[in-house]
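[1] Quick one: sequence plus predicted model below, questions after.
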Amino acid sequence: MGRLDGKVALISGAARGQGEAEARAFVAEGARVVLGDVLDDLGAAVAADLGDTARYVHLDVRREDDWGKAVAAVLEAFGRLNVLVNNAGIVRIASITECSLDSYMEVVRVNQVGCFLGMRSVIDAMTDAGGGSIVNISSINGIVGGPGAISYIASKFAIRGMTKTAAMELGPLGIRVNSIHPGAIDTEMARAALAEVDIDPFAHLPLGRIGRPEEVASLALFLASDESSFSTGAEFLVDGGWLAGPNQ
């Protein structure tokens, strides 16, 4: 018996990286999953590989109409919606003096507005299903700041706050809302960002290594399942101990 038997999930940014790992973990535990992304060829290939329990839909998280179409696709394919993982995100490396308004807003529209639209879009469907779980992917940079990524950090702090507010508002509907705060995870996006860093970013970690997408997926799986039925409005770290104490 799978940990997500009978559940239907929508995952944004699911064509690769953490989102793909989440989709694969969810299907392996019995869920039916709709993968959303703007990388259509990659996303469709992942869904095809997962078989009849998965579908792919084009989803630009900045667009309200895309969210409406994605939820409709979930309901048409599988009849209900129990889980949303707001996974899609981008990063732009720039200090506050170098970051243009256009670049800043590009990140905010994907990371922050996309999360807001995703949460709002699933409320009716989850209420009809008797409740559900929303998992918002933030970052350790939604808990602590740092130089060189002002727009990314602002958006990830916003996700943390929106998660707590949504948990308070949606709890009476039976909808739980939690945030995951990964540290450095071995994805294409992270590798591109780390390429611009001069020092070993993992030397200070208690575990001394970069994380794997599957390790984030395992935490998302827990929060999507009934195992976390009394957890809402909370933040969960998966950072190899990054925030355990002062950097050395």
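    Structure's in. What do you need? What you see is a predicted model, and the numbers here were worked out from it, not measured in a lab.

[2] buried ones in stretch 51-58?
    T53, A54, R55, Y56, V57, H58 (16 or more other C-beta atoms under 10 Å). Quick note: C-beta positions are derived from backbone N, CA and C, even for glycine.

[3] Enumerate every residue touching the residue nearest to the second one when sequence neighbours are not counted.
    Of all residues beyond its chain neighbours, the one nearest A54 is A47 (4.4 Å), with distances taken as C-beta to C-beta, 6 or more residues apart in numbering. Shown here is A47, whose contacts under the criterion C-beta atoms under 8 Å, 6 or more residues apart in numbering are A23, L35, A54, R55, Y56.

[4] Roughly how far does A47 sit from V27?
    10 Å (C-beta to C-beta, to the nearest Å).

[5] Looks like T187 contacts E20 (just checking).
    No: between T187 and E20 there is no contact under C-beta atoms under 8 Å: 9.3 Å.

[6] Common neighbours of A47 and V27, please.
    Both A47 and V27 are contacted by A54, under the criterion C-beta under 8 Å, 6+ apart.

[7] coming back round to it: three-state assignment of the residue nearest to A54?
    Three-state call for A47 (DSSP: H, G, I helix; E, B strand; the rest coil): helix.

[8] closest to V71 among the buried residues of stretch 51-58?
    Using C-beta to C-beta, V57 comes nearest to V71 of the buried residues of stretch 51-58, at 9.5 Å.

[9] G68 is in contact with the closest one, correct?
    No: using C-beta under 8 Å, V57 is not in contact with G68; the gap is 11.1 Å.

[10] By mean pLDDT, point me to the weakest helix or strand of this structure.
    Sorting the helices and strands of the chain by mean pLDDT, DSSP states H and E puts helix 188-194 at the bottom, at a mean of 70.
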